[in-house]
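Novice: Okay, here's the prediction I keep looking at, along with the sequence it came from:
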Amino acid sequence: MKQLPQWLQGLKNPIFARLYFAQTINLVGDSLTWLGLALLAFELAGENAGTILAGALTLRVMAFVVLSPVAGAIADRVDRKRLMITTHLARMGIVCLLPFVTQVWQIYAIVLSLNVFYAFFTPTYTATIPLVTTKDNHSRAITLSSATNQLLGVLGPGLAGSIAALVGTKQVFFLDGITFLIAAILILTLPGQLMVNQKQQTARTIYRILRDIRTGTVCLFADTPIRYALALQFVAAIAGAEILVNTVGHVQGTLHLGKLEYGWVMAAFGTGATLASIGLGNSSQKLKQTLCIGVGAVLIVLALLPANWVNLGGLLLLWSIAGVGQTLVNVPTQTLIADRVAVEVQGRVYGAHFAWSHLWWAFSYPLAGWMGSRLSTHNFFYSSLIGSVLLVIAYLAFKPKLLTALDGGLWHEHDHTHDELHTHNHSPNTNIQNSHNHLHFHPITPQEFSH
């Protein structure tokens, strides 16, 4: 039997394979959702459809920022399989309401509802990958998921457009609902429960959820390599938002080209990101995640620098490089969390990371819009300068060469009771007479750590 390429090796794990195919179908559903929304917005508002979609994107990002930490906290305490099934079924019901929309406010209400459940699904799915894969395979599993995400980002709109042309705008939403149902059924077939701790379920209280949110955020910022990666994701968000928001105006306005050429340029960006994901998955040696993240940030900043003054061929090349840079920043960051955070805390950390990384985009989108309207002849150049300044600040603050020399180990929750051998200060709200826990870093290799 022919062996799978290295970047597909994770599919040998039947549990991850079903989880992965459920996510792939979910991504197809998302493509149908957003294309259908664009068509519906145009039917309701004509040329003002762009304003509606901009508002919908803002609601999407804010739902992620506010709710993802809550989702991560809950994902560490409940059966993740049941949580993911619930989010899929809820979105199935919500998208099936879209054919009956007649007012713009209804679009906003439905988009907000959809992304409330999406904010719960995505961090849960990401945190589940290390739970169902081995230490040796979770990096490839994460990069495969990223590559699929990027590939469907390129192919999904075209596929969704073809389906819409065949069946019509209203029917697209019902097909969309079917994709969520299929994904839910695939997750339902996973064996047993997907729980970090299957022996006990902690009662869900507001205090407990807030404490778990704090744990995820503290872990995210307490670990220096992860904090460095998050800082460079801010650089990538500023550059990425500039590309997503202002490429269409540059191609059709400045270069006086058409929609076809715009599609080529954005496909180049997605293709670069996809190929970089495949390259990371095929890498036979253990790459230093912090090195990859730094290289990725440099690539995307340099790609924007001359973009205002190149022709179509040059823009295709630069956007391919920028796509590679985006992947080299984002994928190793997810792997870094899996490598340096124990399984029982990963849901909270991935939830916090999802929120903070999208907060960067919530800032970057308006900045890109302002630069596109006020500095349209030099917008890419100025975004590159902003990214370069942030990159230099991050380099001076974190000294990335030193990060590779830090001790390996895992952040985890350390349960203990105070006695004469173990005493230290606590917040006034902590009852030190009872058994309690702390976020703690074990400076040991992950193989030595038992969950």
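Specialist: Nice, thanks for sending it over. Numbering: from 1, shown residues only.

Novice: So what's the model's average confidence on the helix or strand where Phe269 lies?
Specialist: Remark: Phe269 resides in helix 259-282, with elements defined by DSSP states H and E. When pLDDT is averaged over helix 259-282, the result is 80.

Novice: tell me which residues of that helix are tucked away?
Specialist: Within helix 259-282, the residues scored as buried using 16 or more other CB atoms under 10 Å are 261-262, 264-278, 280-281. C-beta here means a position set from N, CA and C on the backbone, and glycine is covered the same way.

Novice: same check, this time on stretch 369-383
Specialist: Here stretch 369-383 shows 371-372, 379-383 as buried, counting by 16+ other CB under 10 Å.

Novice: Helix or strand: which one has Leu112?
Specialist: helix 104-132.

Novice: and that helix, average pLDDT?
Specialist: 86.

Novice: Now do it: distance to the chain's middle.
Specialist: 11 Å (CA atoms, centre = their mean, to the nearest Å).

Novice: so is Ile178 in a helix, a strand, or just coil?
Specialist: Following DSSP: H, G, I helix; E, B strand; the rest coil, the label given to Ile178 is helix.

Novice: who touches it in this structure?
Specialist: Met92 (CB atoms under 8 Å, 6 or more residues apart in numbering).

Novice: So for it, what's the pLDDT?
Specialist: The model's pLDDT for Ile178 equals 92.

Novice: Turn the buried residues of stretch 369-383 into CSV, including distance to Ser146.
Specialist: Shown next, in CSV, are these (distance: CB to CB, whole Å):
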residue, distance to Ser146
Met371, 28
Gly372, 27
Asn379, 28
Phe380, 25
Phe381, 29
Tyr382, 29
Ser383, 23
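
Novice: Could you tell me which of the residues you listed belong to helices?
Specialist: Residues of the buried residues of stretch 369-383 located in helices (DSSP state H): 371-372, 379-383.

Novice: Test my guess that Gly296 contacts Val324.
Specialist: Yes: counting by CB atoms under 8 Å, Gly296 does reach Val324; the two are 7.3 Å apart.

Novice: Comparing these two, which shows the higher neighbour count?
Specialist: Neighbours per residue (other CB atoms under 10 Å) separate Gly296 from Val324, with Gly296 holding more: 27 against 24.

Novice: excluding its backbone neighbours, what's nearest the more buried one?
Specialist: Leu328 (2.7 Å; CB to CB, 6 or more residues apart in numbering).

Novice: buried sites along the helix or strand hosting that neighbour?
Specialist: Element membership for Leu328, per DSSP H and E: helix 312-340. Neighbour-count burial for helix 312-340, counted by 16+ other CB under 10 Å, picks out 315-316, 318-340.

Novice: okay, who's weakest in the buried residues of stretch 369-383 by pLDDT?
Specialist: Gly372 (81).

Novice: Next up, the contacts around it.
Specialist: Gly372 neighbours (CB under 8 Å, 6+ apart): 242, 245-246, 249, 379.

Novice: Which members of the residues you listed are classed as buried?
Specialist: 242, 245-246, 379.

Novice: Determine which two of those residues are furthest apart.
Specialist: Val245 and Asn379 (9.1 Å; CB to CB).

Novice: Return every residue with contacts to both of the two.
Specialist: 368, 372.

Novice: What's the end-to-end length of stretch 71-82?
Specialist: This stretch, stretch 71-82, spans 13 Å end to end (CA to CA, to the nearest Å).

Novice: mean confidence for that stretch?
Specialist: 80.

Novice: and that stretch, which residues are buried?
Specialist: 71-81.

Novice: Just send these back as TSV, with distance to Ala160 and secondary structure too.
Specialist: Putting the buried residues of stretch 71-82 into TSV (distance: CB to CB, whole Å; DSSP: H, G, I helix; E, B strand; the rest coil) gives the following:
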residue	distance to Ala160	secondary structure
Ala71	26	helix
Gly72	29	helix
Ala73	33	helix
Ile74	31	helix
Ala75	29	helix
Asp76	34	coil
Arg77	36	coil
Val78	32	coil
Asp79	32	coil
Arg80	28	helix
Lys81	28	helix
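
Novice: For the residues you listed, which two are the farthest from each other?
Specialist: Ala73 and Lys81 (17.4 Å).

Novice: circling back: and the pLDDT at the residue nearest to Gly296?
Specialist: pLDDT, read off for Leu328, is 90.

Novice: next one: Leu316
Specialist: So, for Leu316, pLDDT stands at 92.

Novice: please renumber so the chain begins at 32
Specialist: All right, first residue 32 from here; so that's Leu347.

Novice: Please list all residues in contact with it.
Specialist: 295-296, 299.

Novice: Let's have these in JSON lines, adding distance to Val376.
Specialist: Output for those, formatted as JSON lines (distance: CB to CB, whole Å):
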{"residue": "Trp295", "distance to Val376": "43"}
{"residue": "Val296", "distance to Val376": "41"}
{"residue": "Ala299", "distance to Val376": "38"}
